[in-house]
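Asker: predicted model, plus sequence, below.
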Amino acid sequence: MTVHQLATPDLAEPAQAQQRRTSIGRLKMLIVLLVCASPVIASYFTYFVIRPEGRTNYGELILPTREIPAVLPLKTLDAGTVQPASLRGQWLLVVVMPSTCDAACEKRLLTQRQLREMLGRERDRLDKVVLVVDDGALKPELQTALLTAPPSNVMRVPREALAQWLAPAAGHSLEEHLYVVDPMGQWMMRMPPEAEPQRVMRDLSKLMRASGFWDTPGR
């Protein structure tokens, strides 16, 4: 028997087996990752997608969510132009107010500040936004308070333009609510008039937990 009569060894078989083992290993790793991440994915999916009727959220979920308009005419207090897209990337807690801010308005601003601080280590994921719906001058002491660290993001916007994005509950005005906007610029929750801070806080805490795996502080 000569050498050229010997059967050719099947060199492809080991390579195929190795590829099969690699594929199985990757599949097992993916399964492990999914198992580890499943509680977070499930909680976020339940809160934002399924929204069961037995939910305990205090604020009213906005269905469907409403994206911040690309042409919303935002201005700083010194008339500088603000691009709406610049507000994306952070959770926003929004107060709408007239320049003649009364006692109820000042209470909402105080509540807004307190709620952010109550978030503790998560507070850097939420910005305070104040939208002034007229061209009047703010009281000096109010303006100082709004700009005291951590400062609020104070802007002017015509009421008619803002109404294309935010809306009050039936029978109420824009100024009576706190509004929650997600980091993608979607208005997704409206708090009741004269909202109870502790109940608002529970909703905000749930939102921070549910979004913690994909949202980080800063833009």
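Answerer: Cool, the structure landed. Numbers count the residues shown, from 1 in each chain.
Asker: residue closest to the middle of the chain?
Answerer: Geometric centre of the chain, nearest residue: residue 182, 2.1 Å, by CA atoms, centre = their mean.
Asker: other residues contacting stretch 79-87?
Answerer: Stretch 79-87 has contacts (CB atoms under 8 Å, 6 or more residues apart in numbering) with 68-72, 74-76, 127, 129, 153, 155, 181, 185, 219. Backbone N, C-alpha and C define where each C-beta goes, glycine included.
Asker: likewise stretch 185-196?
Answerer: Residues outside stretch 185-196 that contact it (CB under 8 Å, 6+ apart): 48, 57-62, 65-68, 84-85, 87-88, 104, 111, 165-169, 172, 176-182, 200, 203, 207.
Asker: over to stretch 102-113?
Answerer: With contact meaning CB under 8 Å, 6+ apart, stretch 102-113 is reached by 93, 95, 97-98, 101, 128, 130, 142, 145-146, 152, 175, 178, 194-195, 197, 200.
Asker: only the buried residues of it, if you could.
Answerer: By neighbour count on 16 or more other CB atoms under 10 Å, the buried set for stretch 102-113 is 105, 108-109, 111-113.
Asker: cool, stretch 168-181 as well?
Answerer: Applying a neighbour-count criterion of 16+ other CB under 10 Å, the buried positions in stretch 168-181 are 168, 174-181.
Asker: sorry, back to before: show me what contacts the residue nearest to the centre of the chain?
Answerer: Neighbouring residues of residue 182 by CB under 8 Å, 6+ apart: 65, 91, 188, 207, 211.
Asker: among the residues you listed, name the buried ones.
Answerer: By 16+ other CB under 10 Å, the contacts of residue 182 give 91, 188, 207, 211 as buried.
Asker: separation between the third one and residue 124?
Answerer: Applying CB to CB, to the nearest Å, the value for residue 207 to residue 124 is 15 Å.
Asker: ok, now the last one?
Answerer: Remark: distance between residue 211 and residue 124 (CB to CB) = 14 Å.
Asker: again with the second one
Answerer: For residue 188, the distance to residue 124 equals 20 Å [CB to CB].
Asker: widest-spaced pair of the buried ones among the contacts of residue 182?
Answerer: The most widely separated members of the buried ones among the contacts of residue 182, counting by CB to CB, are 188 and 211 (10.8 Å).
Asker: output the contacting helices and strands for the helix or strand containing residue 141.
Answerer: According to DSSP states H and E, residue 141 maps onto helix 140-147. In terms of contacts (3 or more CB pairs under 8 Å, 6 or more residues apart in numbering; DSSP states H and E), helix 140-147 is packed against helix 103-118, strand 153-156.
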